[in-house]
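Student: what shape does this take:
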Amino acid sequence: MIVAAQVWELHLEGCHSLKEKRSVLKPLTAALRRELNVAVAETGHQDAWQRAEIACATVGSARTVVDDVLRAADRLVEEADGVRVMDTVASYR
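Tutor: Okay, the predicted model is just below:
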């Protein structure tokens, strides 16, 4: 069994309030859950308007399966409107 997590540091340039930030992050995290069946959470910078840290986790029987899910998650995050990826880190167990 392979457990993997990926963390993204995001810049949300168009957000000028926490409400605007939520309107960008909520559809993104919902899409990750719905399309890839991963666990997702905002894990950092909750009080900052233009910064966010989100993480997702997945479990699979083979490394290739987990890698495919993380690559798909990375594409979803990169293609999200109003989001610029500043850094990303993946870890496996």
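Student: where do the helices sit along this protein?
Tutor: 18-36, 63-79 (DSSP state H).
Student: and these: which comes nearest Glu42?
Tutor: Closest approach to Glu42 among the helices of the chain (Cβ to Cβ): helix 18-36, 6.2 Å. For the C-beta atoms, the positions are set from N, CA and C on the backbone; glycine is no exception.
Student: what's the average pLDDT for the closest one?
Tutor: Averaging pLDDT along helix 18-36 yields 97.
Student: distance from the chain centre to it, please.
Tutor: 9 Å (Cα atoms, centre = their mean, to the nearest Å).
Student: can you pull the contacts of His1?
Tutor: Wrong residue type there; residue 1 is Met, not His. Val59, Gly60, Ser61 (Cβ atoms under 8 Å, 6 or more residues apart in numbering).
Student: out of the residues you listed, which comes closest to Leu70?
Tutor: Taking Cβ to Cβ as the measure, Leu70 lies nearest Gly60 of the contacts of Met1, at 9.9 Å.
Student: touching, that closest one and Val69? I think so.
Tutor: Yes - Gly60 is within contact range of Val69, at 6.9 Å (criterion: Cβ atoms under 8 Å).
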